[in-house]
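> the following block contains a protein sequence and its predicted model.
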Amino acid sequence: MGQTTITVRLDGAGPAEAGALAAELKLFLQSEDPALEVNVQREDPSRQDLGTVLMILVPAAGTIGLKQAVRAWKYKHRDRRLVLDSEHGHAVVDSPDEAEAAVTAVVPPA
């Protein structure tokens, strides 16, 4: 099984706040699993705001760190919704307890 690309959007935050939250989530992801390749991008390339969308390249066996990072970030930001999409599925994370199921929905089993 190859790598999977996940798109993560921060639902319900304005552009400036979403940019700061995306940068923080990137740090959570990279500290939990340095093998994850994480890039922050603008949702609309024509706008001049900070990036608000994360593109995560997940290695075939790399979901444990991803699940832990999403759960930890959601504990800190319980009022924020994460929307995860990949070619394998779609998931919404409203609470820390949903992190594992959400990642499983968008990343195929190794």
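Sure, I can see it.

> could you pick out the longest helix of the protein?
Secondary structure of the chain per DSSP state H: the longest helix is helix 15-32.

> which residues touch it?
In this structure, residues lying in contact with helix 15-32 by Cβ atoms under 8 Å, 6 or more residues apart in numbering are 8, 10, 13, 36, 38, 40, 47, 49-54, 56, 65-66, 68-70, 72-73, 77, 80, 82. To be clear about C-beta, it is placed using only N, CA and C from the backbone, and glycine gets the same treatment.

> how about low-confidence regions in the protein?
Counting by pLDDT under 70, the chain has low-confidence residues at 1, 44-51, 110.

> buried subset of the contacts of helix 15-32?
Among the contacts of helix 15-32, those that count as buried by neighbour count (16 or more other Cβ atoms under 10 Å) are 8, 10, 13, 36, 38, 40, 50-54, 56, 65-66, 68-70, 72-73, 77, 80, 82.

> in helices, which of the residues you listed appear?
Mapping the buried ones among the contacts of helix 15-32 onto helices (DSSP H) picks out Gly65, Leu66, Gln68, Ala69, Val70, Ala72, Trp73.

> which one of those residues is nearest Val103?
Leu66 (5.3 Å; Cβ to Cβ).
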